[in-house]
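Student: Got a predicted structure here, sequence first:
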Amino acid sequence: MPPQNNSKNTIIFMVIAGLMLLAYSFFVMQPQAERQRAARAAAEQQAATTAASGASGAPAAPVFVEDRQAARAQAGPRVAIRTDTVSGSLSLRGARIDDLFLTRYKETLAPNSPSVELFRPEGMQHGYQALFGWDGPNVRGGVPGKDTPWQLTQGTELTPTTPITLTWDNGAGLRFTRRIAIDDQYLFTVTDTVANFSGQPVQIAPWGRVERRGIPGDLGRNQILHEGGIGTFGSEGDYATQQLKYQAWAKKPSQSFASTGGWMGMTDKYWLAAMIPAQDEKIDAGFFVTEQANYETHAVLMRGEPHTIAPNAQISETTRLFAGAKRNEILAGYEKSLGLPRFIYAIDWGFLFFLTRPMFLVVEFFFGVLGNFGLAILALTLVVRLIMFPLANKSYESMSRMRTLAPKLEELKKKYPDDPASQQKEMMALYQKEKINPLAGCLPLLIQIPFFYAVYKMLTVTIEMRHQPFFGWIQDLSAADPSTIWNLYGLIPWDPATVPLIGTFLTTNASLSVLAIVYGLTMWLQMAMSPPATDPMQRRIFQFMPVVFTFIMATFPAGLLIYWAWSNVLTIFQQYIIMHRLKTENPIDTFFARFKKA
């Protein structure tokens with residue numbers, strides 16, 4: 001088969017494979033996820049009904065409290081938490097950190113949107129909390145656990161300038177003192193001091209736990225990022241990050257790791273709750289899941305080394321808890337100041353981390369200069385195109401010469417209609433004579449694929465892009481362009497999403513947003529400037545591709561469409577300069593020539 005057809009077939013294969021993956025995601029995985037969410041909601045409703053009616057034959061399902069104040073009250077006395085970045089409270093029962101909002105982030109772009117919730121009291125559905133305690137099975141009088149009634153002995157409110165002190169006496173000679181401090185970002189520091197007045201040595205071991213009771217239906221469904229258990233474990237500089245998605249957790253209900261230092265917890269798309277032991281302490285950690293009546297409890301556990309406390313002696317243990325937003329500079333700052341291994345990889349940079357994170361740092365730099373992340377993405381695109389310029393230039397020169405040869409290639413096909421071997425021999429001779437590499441045209445496309453994925457990943461996982469505006473109607477670069485043809489791009493005061501049965505489809509897969517149309521037009525023009533395929537079926541496929549991708553790309557983040565459309569514009573400009581210099585026919589000159597005649 002002729003080399004030109006090989007290159008075209010390579011592109012067609014990649015495009016069809018991509019279309020198949022996207023179609024599978026939109027038409028199979030998305031409906032499955034919606035059906036699963038509906039099934040979970042129905043099961044939860046059925047369980048609640050069963051519990052209310054007192055039906056027998058199944059474990060009694062818990063009755064969750066919907067009112068947050070009632071749930072807070074169930075956990076006993078509380079101490080308020082207040083900083084510039086978080087607000088909430090902790091319960092004196094077990095000293096649980098179980099009520100926390102991230103005040104710098106809102107749930108939506110609506111003016112009255114509530115702050116993002118991180119922790120939630122366990123009496124509510126999907127309770128989420130962090131707590132710390134001690135193990136000592138043979139200790140007379142017991143040790144602090146998840147229900148210990150701590151007493152507040154110092155401070156009235158937890159702030160960056162006012163830590164609090166809690167105490168508990170086991171009545172058998174052990175006194176536990178817990179000091180909890182918080183910085184001006186998202187780091188809690190829990191320092192436990194244990195004094196032994198019993199006259200006998202005792203052995204106890206510290207533990208920490210982050211747990212979530214039931215997983216909200218929208219977590220863990222995004223295939224491009226990790227949500228679930230996460231931790232970095234190892235020793236002597238050899239650390240690796242372990243991840244366990246919520247959906248896979250039930251299949252692996254118990255996983256254990258030994259480590260010296262490190263960190264571990266649970267991560268959502270933008271938020272993280274992670275325990276951080278002393279980095280020179282040996283710990284045992286693990287991911288565990290337990291079944292309840294109608295929900296699962298996912299827990300990340302950490303257990304430190306046992307301590308032997310002599311009579312009339314005391315020990316201290318310090319553990320930290322990160323509970324907040326996964327901003328790159330904040331994670332990097334804690335990684336450096338606390339000596340944490342791979343803490344910046346709490347952000348799921350992906351397998352192309354060597355591209356994703358550097359590209360983000362470039363975008364962040366341009367944001368500091370330009371003050372707009374949309375403009376920063378345009379600047380990043382220009383940098384990528386400049387890096388690729390020498391290779392792309394040679395490729396586009398080859399494509400332009402191929403376009404010139406198209407009539408001669410057609411003549412060869414007609415000359416040898418039933419002799420592929422002669423066709424190939426003559427075409428190779430023609431390529432050698434004109435010094436053309438027919439495969440060179442594929443290289444820019446192949447090289448751009450990793451960059452395209454890295455930009456998509458960056459826009460998806462970095463909180464810096466969340467709710468960041470560009471211009472006009474584009475107020476969130478990490479979300480799809482909200483404009484849609486079905487209300488004439490806002491001219492008609494009507495929400496297409498309200499249409500029964502097909503409303504979601506109209507506003508997602510078939511929205512034909514402004515950015516998607518711009519992207520489709522630039523893709524069409526770029527392909528129109530490429531050498532036409534010699535096979536009629538291939539030509540039809542390539543002509544139809546811009547239409548297909550216009551619909552597909554409408555569902556992707558607006559920032560990605562800005563990147564790709566601008567990249568297409570730069571490619572078109574570069575191709576036009578080369579084609580104009582080589583006096584190659586191109587659609588831009590053809591259009592203006594017809595316009596002048598008209």
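Tutor: Looks like it came in fine. A quick note: this is a predicted structure, and the numbers were derived from the prediction, not measured. Numbers count the residues shown, from 1 in each chain.

Student: list the buried ones in stretch 249-268?
Tutor: Neighbour-count burial for stretch 249-268 flags 249, 257, 259-268 (criterion: 16 or more other C-beta atoms under 10 Å). Every residue, glycine included, has its C-beta placed from N, CA and C.

Student: Endpoints of it, how far apart?
Tutor: End-to-end distance for stretch 249-268: 15 Å, by C-alpha to C-alpha, to the nearest Å.

Student: What of stretch 467-476?
Tutor: Using C-alpha to C-alpha, the two ends of stretch 467-476 sit 4 Å apart.

Student: Could you work out the most separated pair of the buried residues of stretch 249-268?
Tutor: Maximum pairwise distance in the buried residues of stretch 249-268, criterion C-beta to C-beta, is 27.4 Å, between 260 and 268.

Student: Could you check how many residues crowd around residue 92?
Tutor: 20 (other C-beta atoms under 10 Å).

Student: Quick check: phi and psi at residue 581.
Tutor: phi -70, psi -40 (degrees, to the nearest 10).

Student: Redo the buried residues of stretch 249-268 as a markdown table? Include pLDDT and secondary structure.
Tutor: Output for the buried residues of stretch 249-268, formatted as a markdown table (pLDDT from 0 to 100; DSSP: H, G, I helix; E, B strand; the rest coil):
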| residue | pLDDT | secondary structure |
| --- | --- | --- |
| 249 | 87 | helix |
| 257 | 95 | strand |
| 259 | 96 | strand |
| 260 | 96 | strand |
| 261 | 95 | coil |
| 262 | 96 | coil |
| 263 | 97 | strand |
| 264 | 97 | strand |
| 265 | 97 | strand |
| 266 | 96 | strand |
| 267 | 96 | strand |
| 268 | 94 | coil |
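
Student: how about those in TSV, adding distance to residue 124?
Tutor: Formatted as TSV, these follow (distance: C-beta to C-beta, whole Å):
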residue	distance to residue 124
249	21
257	30
259	32
260	37
261	34
262	31
263	27
264	24
265	20
266	17
267	21
268	17
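
Student: ok, the closest residue to residue 225 other than its chain neighbours - contacts?
Tutor: Once flanking residues are discounted, residue 225 sits nearest to residue 348: 4.8 Å by C-beta to C-beta, 6 or more residues apart in numbering. Residue 348 makes contact with 225-226, 267, 457, 461, according to C-beta atoms under 8 Å, 6 or more residues apart in numbering.

Student: Would you verify that residue 348 is located in a helix?
Tutor: No - using DSSP: H, G, I helix; E, B strand; the rest coil, the secondary structure at residue 348 is coil, not a helix.

Student: quick one: pLDDT of it?
Tutor: Residue 348 carries a pLDDT value of 95.

Student: again, but for residue 137
Tutor: pLDDT at residue 137 comes out at 86.

Student: so who does it touch?
Tutor: If a contact means C-beta under 8 Å, 6+ apart, then residue 137 has no contacts.

Student: wait, is it part of a helix?
Tutor: No - looking at residue 137 with three-state DSSP, it is coil, so not inside a helix.

Student: ok, so of the buried residues of stretch 249-268, who is nearest residue 92?
Tutor: Of all the buried residues of stretch 249-268, residue 92 sits closest to residue 265, with 23.1 Å by C-beta to C-beta.

Student: for this protein, what spans make up the helices?
Tutor: Using DSSP state H, the helices of the chain run over residues 3-24, 30-53, 68-74, 246-249, 328-338, 353-370, 373-415, 420-434, 442-461, 503-507, 514-528, 536-553, 558-581, 587-597.

Student: need these in a markdown table with distance to residue 89, can you?
Tutor: Below are the helices of the chain laid out as a markdown table (distance: least, C-beta to C-beta, whole Å):
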| stretch | distance to residue 89 |
| --- | --- |
| helix 3-24 | 45 |
| helix 30-53 | 27 |
| helix 68-74 | 7 |
| helix 246-249 | 27 |
| helix 328-338 | 23 |
| helix 353-370 | 34 |
| helix 373-415 | 34 |
| helix 420-434 | 74 |
| helix 442-461 | 30 |
| helix 503-507 | 38 |
| helix 514-528 | 43 |
| helix 536-553 | 45 |
| helix 558-581 | 37 |
| helix 587-597 | 64 |
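
Student: To residue 300, which of the ones you listed lies closest?
Tutor: helix 246-249 (10.4 Å).

Student: Now do the buried residues in that closest one.
Tutor: Within helix 246-249, the residues that qualify as buried are 246, 249, counting by 16+ other C-beta under 10 Å.

Student: Just name whatever secondary elements it is in contact with.
Tutor: On a contact count with 3 or more C-beta pairs under 8 Å, 6 or more residues apart in numbering; DSSP states H and E, helix 246-249 meets strand 228-235, strand 296-304.

Student: any idea how far that helix is from the chain center?
Tutor: Computed by C-alpha atoms, centre = their mean, to the nearest Å, the separation of helix 246-249 from the middle of its chain amounts to 16 Å.

Student: next one: stretch 239-247
Tutor: For stretch 239-247, the distance to the chain centre is 14 Å (C-alpha atoms, centre = their mean).

Student: burial count for residue 242?
Tutor: By other C-beta under 10 Å, the residues close to residue 242 number 17.

Student: Who are the contact partners of the spatially closest residue to it that is not a sequence neighbour?
Tutor: Once flanking residues are discounted, residue 242 sits nearest to residue 231: 5.3 Å by C-beta to C-beta, 6+ apart. Neighbouring residues of residue 231 by C-beta under 8 Å, 6+ apart: 241-242, 257, 259, 262-265, 274, 285, 287, 300.

Student: Residue 231 bridge partners, please.
Tutor: Going by DSSP bridges, residue 231 is paired in beta bridges with residue 242, residue 264.

Student: got a pLDDT number for it?
Tutor: Per the predicted model, pLDDT is 97 at residue 231.

Student: go on, residue 46?
Tutor: Residue 46 is given a pLDDT of 45.

Student: do the same with the one 5 residues further on
Tutor: Looking at residue 51, its pLDDT is 40.

Student: what do you get for residue 487?
Tutor: According to the prediction, residue 487 has pLDDT 72.

Student: do residue 437 as well
Tutor: pLDDT recorded at residue 437 is 67.

Student: Please apply the same query to residue 27.
Tutor: 50.

Student: Let me know the outermost residue of this structure.
Tutor: Centroid-distance maximum for the chain: residue 415 at 55.4 Å, with C-alpha atoms, centre = their mean.
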